[in-house]
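Peer 1: With the sequence up front, the predicted model follows.
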Amino acid sequence: MSLSGASERSVPATKIEITVSCRNLLDLDTFSKSDPMVVLYTQSRASQEWREFGRTEVIDNTLNPDFVRKFVLDYFFEEKQNLRFDVYNVDSKTNISKTKDFFGKSDPFLVFYRSNEDGTFTICHKTEVVKNTLNPVWQPFSIPVRALCNGDYDRTVKIDVYDWDRDGSHDFIGEFTTSYRELSKAQNQFTVYEVLNPRKKCKKKKYVNSGTVTLLSFSVDSEFTFVDYIKGGTQLNFTVAIDFTASNGNPLQPTSLHYMSPYQLSAYAMALKAVGEIIQDYDSDKLFPAYGFGAKLPPEGRISHQFPLNNNDEDPNCAGIEGVLESYFQSLRTVQLYGPTYFAPVINQVARAAAKISDGSQYYVLLIITDGVISDMTQTKEAIVSASSLPMSIIIVGVGPAMFEAMEELDGDDVRVSSRGRYAERDIVQFVPFRDYVDRSGNQVLSMARLAKDVLAEIPEQLLSYMRTRDIQPRPPPPANSSPTPAPEQP
């Protein structure tokens, strides 16, 4: 038996595995219990049409099925993915009689279960059936570590041994328990488990066991995914920085990129809402520092390149994306758009917070929305090179008609960003021009979905690259009844 990690390191998708169980289904059969099957449907983002993704096996004569066949889907951090599960009762017109085991021979197979925090068990693997033998040898198989123990190496793993019957009423032979940690010892030696049947043990005084199962081999192939870190409690701390320079135009005029129309969102608001609504679900406290840059502030007209949108220097956090939008709109009414365009101050602000936490529990994402012309290119490159060694990513969304050559250079896809002969340790900047995602039909929802998908596509791999270079492994997931650790506020 070998155990592998959850998926390949393909970017941007991560494979997730969905196990389906049902309880207390309606009994739709007259002379027996229902024969349930579950069909999974996924929804097309563009057309909202539901399409069948796959089906479980049919389990005969039960109202509480635990399906073995799993659904393996591509998980996209940057998208909202809707799923629908339909449960069917499948009627069979074929009357199949029960298989008999002649001369004491059996058709054995094993079922592996992961224990849950509430004392229940979830099926995670079923071996093939080896026909007509009392000494079966099963083929090697793989179980993802997340499915076997959810990252808890001492969690109980239960294995049931059954004698297969054609009609689905398999005979229970016995069971034994182990753990990932105990299984891993088989890398150096064979491990023998006694198979016990509790009922037989209670009835027969001389009962020893119902046989033994020997683990012949075991190997581990560890490869962590973005989902593993999120399940282990890693928080994404989201910070927003918005360009308030005069080149954006007067917010009171319809030609302004900041124009607050009563009928539709501005490009700035759309970009903020599109990215924020996805990323906010990965931050437990939903408090987001939000800054503006390049404006004159009342009452004295001081130029600021890093002012809190909520006008609170002590606490720049806004409650959720709606709170950020509200503070952004309020700032447009009170500050004077001015200039120049400096990125370095806000990048260094987030970098200072990221530098305080290096254990993998926090990862910082800075969203900069700008109309393009940057005035502190040298300082910004220096800030990015320094930040590339920290748990941090930078997203730049360009709005308006500018060519954005400087933003493309900061993106560093072709040539890694450098400063004073020092290159960025890793790629942490993702730039996209907003105009490439505007839907021609005027559908803002579709525009925002497209933008969020591309803007956030590199975040999972950037997070993984930081964790890998620091040899930081995901923490075991917290118990189901515990609350995630709140993200620290930025200074």
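Peer 2: Nice, I can see it. It should be emphasised that the depicted structure is a prediction, and the values quoted were computed from it without experimental measurement.

Peer 1: Go ahead and confirm Ile159 touches Arg114.
Peer 2: No: assessed by Cβ atoms under 8 Å, Ile159 is found out of contact with Arg114, at 11.0 Å. C-beta here means a position set from N, CA and C on the backbone, and glycine is covered the same way.

Peer 1: So for those two, which sits in the more crowded spot?
Peer 2: For the pair Ile159 and Arg114, the greater number of neighbours falls to Arg114 (23 against 19), based on other Cβ atoms under 10 Å.

Peer 1: Which phi and psi values does that one adopt?
Peer 2: phi -90, psi 140 (degrees, to the nearest 10).

Peer 1: just Val161 next, same as before
Peer 2: phi -110, psi 130.

Peer 1: Same question for Leu325.
Peer 2: Here Leu325 shows phi and psi, under degrees, to the nearest 10, equal to phi -60, psi -40.

Peer 1: helix or strand right after the helix or strand in which Thr239 is found?
Peer 2: If you go by DSSP states H and E, Thr239 is part of strand 235-243. Remark: after strand 235-243, the chain's next helix or strand is helix 267-279, criterion DSSP H and E.

Peer 1: Quick check: phi and psi on Ala295?
Peer 2: Taking degrees, to the nearest 10 as the convention, Ala295 sits at phi -120, psi 160.

Peer 1: what's the spacing between the most centrally placed residue in the chain and Ile16?
Peer 2: Nearest residue to the geometric centre of the chain (Cα atoms, centre = their mean): Val227, 4.0 Å. Separation of Val227 from Ile16 (Cβ to Cβ, to the nearest Å) stands at 6 Å.

Peer 1: repeat for Ser284
Peer 2: Distance from Ser284 to Ile16, by Cβ to Cβ: 20 Å.

Peer 1: Equivalent analysis for Thr178, please.
Peer 2: Distance from Thr178 to Ile16, by Cβ to Cβ: 25 Å.

Peer 1: for Val335, same thing?
Peer 2: Using Cβ to Cβ, Val335 is found at 44 Å from Ile16.

Peer 1: neighbour count winner among these two?
Peer 2: Val335 (21 against 18).

Peer 1: residue ranges of the helices in this protein, please?
Peer 2: For the chain, the helices defined by DSSP state H cover 145-149, 180-184, 198-203, 226-231, 267-279, 320-334, 344-355, 377-387, 405-411, 444-455, 459-469.

Peer 1: packing partners for the first one?
Peer 2: Judged by 3 or more Cβ pairs under 8 Å, 6 or more residues apart in numbering; DSSP states H and E, helix 145-149 is in contact with strand 2-4, strand 108-115, strand 121-126, helix 180-184.

Peer 1: what do you get for the fifth one?
Peer 2: Where contact means 3+ Cβ pairs under 8 Å, 6+ apart, helix 267-279 is packed against strand 235-243, helix 320-334, strand 362-370, strand 392-398, helix 444-455.
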